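A.B. asks: can you look at this prediction? I've put the sequence above it.
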Amino acid sequence: GGAAGASVPGASDSVYFNSGGVGQVILDINITVLKLTMESSYTDTIKQNGKAITTTVNGMLLNGGTFLGSTGNIVVSGHLIIAGTNFISTSSVLTISRDYYFTSGSFIHNNGTVRFSGAATQNTRIISGSTNFYDLLLSPSANIVYLFNTASIFNVSHALYLSGSYQIRIDGGTINVQGDIIHTGIISVAPAAGTIHINGAGDQTITGVTNLNYGGFCNVKVNKSSGTLFLKNIINVCGVWEHVMGTVDDTTYDAEMAFSTGSATNGVKGNQTFNKLWIGTGGNSTTFTVNAGDTLTANFVHTGVYGSITYVGYINVTGDFWLGSTGTGGGGTGTIAFTGSGNQLLTGQTLTYSQGILPNIKIDKTGGTLTLKNIISVRGNWNYIKGTVDATTENSTIYFLNGNRTISGKHSLNNVYLSSWGSTTITMPA
């Protein structure tokens, strides 16, 4: 193999460049081959020259020489392995249908897009080897798990895109994003253990989806030294949203933060404030955790329709809280504190008790009235400190479920039920 073969290879041929024919190759037509290999003994250059390159089955193995991409699309149906070649990608789209391994040589993004696709024949994709991307697109043609190597560093300088009609799970490793993030996926969310690390120095925007159950992100870590992170549409998280530092704006585009069900590590880390918060938006029960010692403040809270929610940690609510969950479990050891300076509404269930169960409740309002509405089931303590409580206008009922608890602070409620199975101790205000 080399620069001057006896004939032009076709779709049924595998192409090899090695010391048997060292010389520069400049493409003058679009090519489709089974496999393209640049062996370590090849020391010259393949120039894409604006032509499209497609490997149909066995991918590309690049061990030597230089690959000089330009403007044509490159489709690698199979693995892309860079182990010695100086690879300058196309400024258009490089599509990789299977695994990506970079061990030596170089990868230069050329301001192009790298798309990791994939079909059901291999539902896990491995991306390994520290790489700087310009645009990174995860857009599979089947439900795919993307495993980014935990020992590798992946940077996306311009934009990270997640799209398509299949589940996208980043289930390992970290992607550092210095630009924008756009999620247009239209399939149900899936819990994932990977991390998107937002660390750009300038303004960045996360654009989510418009359906509460679609377009789920994995763990997200906000760690910005400067600039503002703008949130837009529904940001659906199937893991932990961690705030280390940096300004986050979720009001300019009226964004909503949603935490899906089905993930054991669902919740937030770091002190932060959300304008609109949804908890448990999927169809299963979930545990929502605020990291110990941190406080989550939310202006508006809405729980999902199905499943139960177990609360861990401290949630400070300054606006309304609407209980949509119909699950009969949950509650937890967390605390929901109503601390707004204006009027607030806590809306419970309309049919029966023991649905949408709340943990410990704290009322510590500096102004306005907290209005209680419908049936509100509580598994924890009820601690009144200060503020006006209206329990009668909306004919509210408080169900204190089975278990030992303390009801403290002098205030008036409307209908109160004390439920007990077995031995229960309830401490009331003197």
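C.D. replies: Received the coordinates, thanks. These numbers come from a predicted model, not from an experiment.

A.B. asks: verify the stated contact: Thr66 with Tyr42.
C.D. replies: No: counting by C-beta atoms under 8 Å, Tyr42 is not a contact partner of Thr66; they are 9.4 Å apart. Every residue, glycine included, has its C-beta placed from N, CA and C.

A.B. asks: the two: who's more crowded?
C.D. replies: Between Thr66 and Tyr42, counting by other C-beta atoms under 10 Å, Tyr42 is the more crowded of the two (28 against 19).

A.B. asks: wait, what's in contact with that one?
C.D. replies: Residues in contact with Tyr42 (C-beta atoms under 8 Å, 6 or more residues apart in numbering) are Gly2, Phe17, Asn18, Ser19, Val22, Asn63, Gly64, Gly65.

A.B. asks: could you check the pLDDT of it?
C.D. replies: We have a pLDDT of 96 for Tyr42.

A.B. asks: now the one 5 residues further on
C.D. replies: At Lys47, the model reports a pLDDT of 97.

A.B. asks: do Ala292 as well
C.D. replies: 96.

A.B. asks: test my guess that it contacts Tyr314.
C.D. replies: No: assessed by C-beta under 8 Å, Ala292 is found out of contact with Tyr314, at 9.0 Å.

A.B. asks: of these two, which one has the most company?
C.D. replies: It is Tyr314, of Ala292 and Tyr314, that has more neighbours when counted by other C-beta under 10 Å, with 20 against 9.

A.B. asks: surely that one meets Ala337?
C.D. replies: Yes: using C-beta under 8 Å, Tyr314 is in contact with Ala337, at 6.9 Å.

A.B. asks: and Gly20, that's in a helix?
C.D. replies: Yes: Gly20: assigned to a helix according to DSSP: H, G, I helix; E, B strand; the rest coil.

A.B. asks: make residue 1 into 20 and carry on from there
C.D. replies: Understood, numbering begins at 20; the last thing we discussed is Gly39.

A.B. asks: run through the stretch 270-419 of the chain and note the low-pLDDT ranges.
C.D. replies: 280-284, 301-302 (pLDDT under 70).

A.B. asks: averaged pLDDT, the helix or strand encompassing Tyr180. What do you get?
C.D. replies: Assessed by DSSP states H and E, Tyr180 sits inside strand 173-181. For strand 173-181, mean pLDDT is 98.

A.B. asks: just how off-centre is it within its chain?
C.D. replies: Between the centre of strand 173-181 and the centre of its chain there are 14 Å (C-alpha atoms, centre = their mean, to the nearest Å).

A.B. asks: same check, this time on stretch 100-112
C.D. replies: From the chain centre to the centre of stretch 100-112 is a distance of 28 Å (C-alpha atoms, centre = their mean).

A.B. asks: tell me which residues are up against that stretch.
C.D. replies: Stretch 100-112 has contacts (C-beta under 8 Å, 6+ apart) with 57, 59, 67, 78-93, 119-134, 148, 156.

A.B. asks: where does pLDDT dip in the stretch 120-269 of the chain?
C.D. replies: Residues of the stretch 120-269 of the chain that meet the criterion pLDDT under 70 lie in 138-141, 207-210.

A.B. asks: change it to 90
C.D. replies: By pLDDT under 90, the weakly predicted segments of the stretch 120-269 of the chain are 137-142, 160-163, 183-188, 190-191, 204-212, 230-235, 257-258.
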